[in-house]
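*Asks:* quick one, fold the following:
(2 chains)
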Amino acid sequence: MSDNVAIVIVSHSADVAKGAADMVRQMVGDEVKVAFTGGTADGALGTDVAAIMAAIDAVWTQKGVAVLVDLGGAETNTEMAIEMLEDGRGERVAILNAPVVEGAVMAATEASGGSSLEDVRQTAEDFQS
Amino acid sequence: MTTDAPPDATTDATTGAGLVAALIEAAAATIAAHRDELSELDRAIGDGDHGHNMARGFEALTAAADEIAALPFGKALQKAGTTLVMKVGGASGPLFGSALMAAGKASGDDAPRSAAEVATLLDAAIDAVKSRGKSDVGAKTMLDVLAPVADALRTGGTTAAVREAAAAALEATRPMIATKGRAAFLGERSAGHLDPGARSSALLVDAACTVAERS
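*Replies:* Here you go, the predicted model:
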């Protein structure tokens, strides 16, 4: 696998997160690493800071990680997770202001060509379905 | 409302570890005792898991209490904060956790000696909650309790005055319309309910006052 910007999908629902990741893999292939997380530690709907950190770790690349989030708490918890990453890695992680499914697919498509994190962000955020 | 409160909210700096342990114990006890009430409030205007999430976080704090209490005061607050962040789940974890982490960073190794010093730490916590939640006073959140409590502490705050400020501020969240968090989806329908995060904040303030009165 080439060193492309990786994608992390964070939803309150593990099913939504997994479904969005499945769509990315099917539409973009395996050129881009994708991790997903959804639900709290005890399986309820919600998001979990430790799980988000683990998802970022799982696909970590110096090239950067683009994160798609759903409702409010997912964003808050993702911002917290990014701040808690060690060795300044948080600077290479961006939360994209785009809908989860469309944003993830657009981000992965852009990332698969070797684009920078900033270009990946731009493409996902500019996309209007 | 207690009527037999000592004249001020001073804490005893000579018992730093004891103070931290007592704060954790009192906080965990009140959250556990009000767990169902907090979830019930959250069911009205959120997703109904606030009591459950907070209880899980404070159980984790209790489990780590010895380790946390052994640290210098500022570090103890920071460690308590990261524990809540990792264990509470839901957005309350980062909000309460960031509050404690910021207060810990603003604190030295010794526990605060006066209400004014507590207010300084609480101000740092409030700034962290505003920034983490991208929110401010008036949005029907925990900030609507914490900010008046900081004001009460700053103006000389006896524990009785602080308790009174917290209770009045909590009640004032009832008619507010939420503009942050999941309750914001309800818009005007969020009016008429206490905010669960404001309720848990008021409970924690009350627990801290009880500890301050004992020390």
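
*Asks:* only C-alpha atoms from now on, for both contacts and neighbour counts.
*Replies:* Fine.

*Asks:* give me the distance from the helix or strand harbouring B:Leu77 to the chain's centre.
*Replies:* Here B:Leu77 sits within helix B:73-88, counting by DSSP states H and E. On the basis of Cα atoms, centre = their mean, to the nearest Å, helix B:73-88 sits 13 Å off its chain's mean C-alpha point.

*Asks:* residues near B:Ala128, how many?
*Replies:* A count of nearby residues for B:Ala128, using other Cα atoms under 10 Å in any protein chain shown, gives 22.

*Asks:* assign it to helix, strand or coil.
*Replies:* Following DSSP: H, G, I helix; E, B strand; the rest coil, we place B:Ala128 in the helix state.

*Asks:* dump the residue contacts of it.
*Replies:* Listed by Cα atoms under 8 Å, 6 or more residues apart in numbering or on different chains, the contact set of B:Ala128 reads B:95, B:98-99, B:102.

*Asks:* again, only using 7 Å
*Replies:* Each residue near B:Ala128 by Cα atoms under 7 Å, 6 or more residues apart in numbering or on different chains is listed here: B:98-99, B:102.

*Asks:* restricted to buried residues, select the residues you listed in ChimeraX.
*Replies:* Those of those that count as buried under 16 or more other Cα atoms under 10 Å in any protein chain shown are selected in ChimeraX with:
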select /B:98,99,102
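
*Asks:* just to revisit the earlier point, send the alpha carbons of the helix holding B:Leu77 over as PDB?
*Replies:* Extracted C-alpha coordinates of helix B:73-88, given in PDB (Å, rounded to 0.1, in the frame of the first residue of the first chain):
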ATOM      1  CA  PHE B  73      -2.600  18.700  43.500                       C
ATOM      2  CA  GLY B  74      -2.400  20.100  40.000                       C
ATOM      3  CA  LYS B  75      -1.200  16.800  38.600                       C
ATOM      4  CA  ALA B  76      -3.900  15.000  40.500                       C
ATOM      5  CA  LEU B  77      -6.600  17.200  38.800                       C
ATOM      6  CA  GLN B  78      -5.100  16.500  35.400                       C
ATOM      7  CA  LYS B  79      -5.000  12.800  35.900                       C
ATOM      8  CA  ALA B  80      -8.600  12.800  37.100                       C
ATOM      9  CA  GLY B  81      -9.500  14.700  34.000                       C
ATOM     10  CA  THR B  82      -7.800  12.300  31.600                       C
ATOM     11  CA  THR B  83      -9.500   9.400  33.500                       C
ATOM     12  CA  LEU B  84     -12.900  11.000  32.900                       C
ATOM     13  CA  VAL B  85     -12.100  11.700  29.200                       C
ATOM     14  CA  MET B  86     -11.200   8.100  28.600                       C
ATOM     15  CA  LYS B  87     -14.000   6.500  30.700                       C
ATOM     16  CA  VAL B  88     -17.200   8.700  30.600                       C
END
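
*Asks:* contacts for it, please.
*Replies:* Helix B:73-88 has contacts (Cα under 7 Å, 6+ apart) with A:49-50, B:16, B:53-54, B:56-57, B:60-61, B:68-69, B:93-94, B:97-98, B:100-101, B:103-105, B:107-111.

*Asks:* let's see 6 Å
*Replies:* A:49-50, B:53-54, B:56-57, B:68, B:93-94, B:97, B:100-101, B:104, B:107-111 (Cα atoms under 6 Å, 6 or more residues apart in numbering or on different chains).

*Asks:* which parts of it are buried?
*Replies:* Residues of helix B:73-88 classed as buried: B:73-88 (neighbour count, 16+ other Cα under 10 Å).

*Asks:* ok, now stretch B:173-182?
*Replies:* Neighbour count says stretch B:173-182 has B:173-174, B:176-182 buried, by 16+ other Cα under 10 Å.

*Asks:* what's the spacing between that stretch and its chain's center?
*Replies:* Its chain's average C-alpha position is 18 Å from that of stretch B:173-182, according to Cα atoms, centre = their mean.
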